[in-house]
Structure formats: C-alpha cells, structure tokens
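Trainee: this one's structure only:
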C-alpha cells in the first residue's frame, strides 16, 4: 500500500498530509511533483491544499493543465483512489473529476476556523469506518469554498448518496447558520459516481492529533487505509 | 515599484505620455489598436470577456456596489465583476481560424462553463 501526495507550485498542505500518512496512519508515502506522470507505484493519491499556481485565473484552474493531471484522470478512471482536500477539491472540480464549482465565500471572508461537518454516508472508501450522522470537528481555511452546481447535479448527488460531508451544528443538525460559506445544501464534500474520488473543503489532515485540537480527521485516512488493505 | 507596462495595464490613457518617454513609439501598446512589432508585422488582437452567469452569487460585485454608493452615487441597481483578457495572436492570416482558437481558449481555460459565460472579440 503506497500513498502519493501531488505537489504543485503553491501547494502548502503537502507536508501535513505526508506527516499524517507516515506517522498517524503508518503507511508508505511519497511526494509526486506535478511534472511527473508515472503513478504506477501508487495505490491512493492525495491532492493537498494550498494555492496551486497562486490561485491565478480561478482556484485550481491552472493546476488542471499540469502534466500529472492526465495521469490522475487515468488513475481515477481505473478505480484508483483520489482524495482532494481544499485546493485539491477545487482542482478536481476544475478538472471535471467532480461536478460543480467552488466560488468566492458568500461573505467574502477568508475563513480559518474549526467547525463541524456531519458524515452523510459510510458508503465510500473514505468513510466506511464511520457511522452516518456522526459529527467531525475539523478546520476549514479557504476563501473560495462556496459549492455551486445546477439543480440536476444536486438531484443526482442526492439520489446517488454522493454528498459525503455537510456543514452542521455540533449536534449534527444541518442549518443555514452552520453553513460557513454559502455552499449549496451545506455541501462540504462530495464523491464521484464510482465513489473512488472524494473532494472536501475541510482539512482532515490538520485534525489528526489531539495536540492540534482535534483528531476527528484521522478516521478518513484510516478508512482509506482499511479499504486499501482489504483490496490488497 | 510598478513597471511602465504595469502602469499601462492599470490605466493606459493616463500614462501614455509618460510611456512615450520610456519606449519608442513603435513599441507603445494602446488598447484598441493592433500590436505593432519590431519587424513591422501587425498582429491580430483578441479580447475575451468573462462574466459570472446570471444567478451566480457575486459577493465582490456587491461589495463594489456598496462602495460606489458610499461615494455618493445612487440608483445603482447592480454591479457584477468579471475578467478581461487581451490575447495577441502571432498568425494574423485567418480571422475565422483565430476566432475558433480563441473561442476554444475562452471555453476551456479562461472560463469555467459551470459558473461563467464568455464573449470573444477579434480585432484585425
């Protein structure tokens, strides 16, 4: 089992993800420079947070043209696991691997705070160790996290149980007050039709040790590791 | 410190006099004119306007509208913020082909079709 963390110019959560996989999950992990195209030795990819290409044009818009992205698309198309966190989620949307788009936060602020998200489904490789309805306390840190999509896409996401995380109150209630950025239907994370590609705006890799205020994010990586172990 | 080029991008009409002191006339770029290069060839210019689709929230536009109102203007119904690109094309032979290429650039790079519309103008 080997994890790969893709590094674009401007990625800045790559080392956090590396630390979590190597120290908290205890699995082999390597960085992948965005110009590399050989992903054969990897079982799961993480597209980390940050500001790839300085967020020029639109967040994630230029990263999708990096050489590695063609390989990522092939990797995902053959069932490989791809986890996009924050800027990684924005890149996955821009690349068409996930539907919808992430636009400027409703209230214009860059929001950096711990908040609550509910686990909406355990039917993904990333949440199968969790109970639906459980609440994770995880930080967000973004200016463009307002998830938008058309009505047909939203209906499809709901029908196929592909909304994986939603912003919620500490007791799990989904309310407008708990929605930090204006995201449609309080969406914090979604997966693709085949469920092997997940994107989420919160940073689970920043919430994997009690010392850092929360270890709720660890279960996402542990679920993925358990899935990989079962596949192997 | 801003370079002359940066200043020109910010406000071309106000700095053109200053620019002419810094640059030979044939290098002076003015919006609305074809670009003239040292070998004398003129190059087609494409303009691409990208705007948020109607209905997509534009909090930046709202903040700008608020500031405009604070300046004392009333009767502003709405402000929407967009993006403007100038693309100088090396091959000026075929205008239709240029339009086709720039339209593809606008659709696949400059805009996100989920949230944005684009408009292409070609100047020969």
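Mentor: Received, thanks. Computed from a predicted model, the values in this text were never measured in an experiment. Numbers count the residues shown, from 1 in each chain, chains lettered A, B, ... in the order given.
Trainee: only C-alpha atoms from now on, for both contacts and neighbour counts.
Mentor: Noted.
Trainee: flag every residue of chain A that's near chain B.
Mentor: Proximity of chain A to chain B, by C-alpha under 8 Å from any C-alpha of the partner chain, involves residues A:57, A:61-62, A:94, A:100-101, A:104-108, A:149.
Trainee: which among these count as buried?
Mentor: Buried by 16 or more other C-alpha atoms under 10 Å in any protein chain shown: A:61-62, A:94, A:100-101, A:104-107, A:149, out of those.
Trainee: need the pLDDT of residue B:35.
Mentor: Reading off the confidence values, residue B:35 has pLDDT 50.
Trainee: what comes up buried for the helix-or-strand element of chain A with minimal mean pLDDT?
Mentor: Scoring the helices and strands of chain A by mean pLDDT, DSSP states H and E places helix A:218-231 at the bottom, with a mean of 94. By 16+ other C-alpha under 10 Å, the buried positions in helix A:218-231 come out as A:218-228.
Trainee: what sits against residue 89?
Mentor: In the absence of a named chain, chain A is used. A:47, A:83, A:198-201 (C-alpha atoms under 8 Å, 6 or more residues apart in numbering or on different chains).
Trainee: was after chain B, sorry
Mentor: Residue B:89 is in contact with B:43-46, B:98, counting by C-alpha under 8 Å, 6+ apart.
Trainee: tabulate the residues you listed (CSV), appending pLDDT, distance to residue A:123 and neighbour count.
Mentor: Putting those into CSV (pLDDT from 0 to 100; distance: C-alpha to C-alpha, whole Å; neighbours: other C-alpha atoms under 10 Å in any protein chain shown) gives the following:
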residue, pLDDT, distance to residue A:123, neighbour count
B:43, 75, 56, 20
B:44, 85, 54, 22
B:45, 91, 52, 22
B:46, 94, 48, 20
B:98, 90, 48, 19
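Trainee: nearest to residue A:23 among these?
Mentor: Within the contacts of residue B:89, the smallest distance to residue A:23 is 51.9 Å, found for residue B:46 (C-alpha to C-alpha).
Trainee: ok, the closest one touching residue B:102?
Mentor: Yes: taking contacts as C-alpha atoms under 8 Å, residue B:46 lies within contact range of residue B:102: 7.2 Å.
Trainee: what do those two both touch?
Mentor: Overlap between the contact sets of residue B:46 and residue B:102, as judged by C-alpha under 8 Å, 6+ apart, is given by residue B:120.
Trainee: pull out the buried residues from the helix or strand residue B:68 falls within.
Mentor: Element membership for residue B:68, per DSSP states H and E: helix B:59-70. Of the residues in helix B:59-70, those scored as buried under the neighbour-count criterion (16+ other C-alpha under 10 Å) are B:59-60, B:62, B:65.
Trainee: just these that are near chain A?
Mentor: Residues shared between those and the neighbourhood of chain A are B:59-60 [C-alpha under 8 Å from any C-alpha].
Trainee: out of the buried residues of helix B:59-70, flag the one nearest to chain A.
Mentor: Comparing the buried residues of helix B:59-70 against chain A with C-alpha to the nearest C-alpha places residue B:59 closest, at 6.1 Å.
Trainee: quickly find the element holding residue 76.
Mentor: Just so you know, I chose chain A. helix A:68-77.
Trainee: that's the wrong chain, I meant chain B
Mentor: Residue B:76 is located outside every helix and strand, with elements delineated by DSSP H and E.
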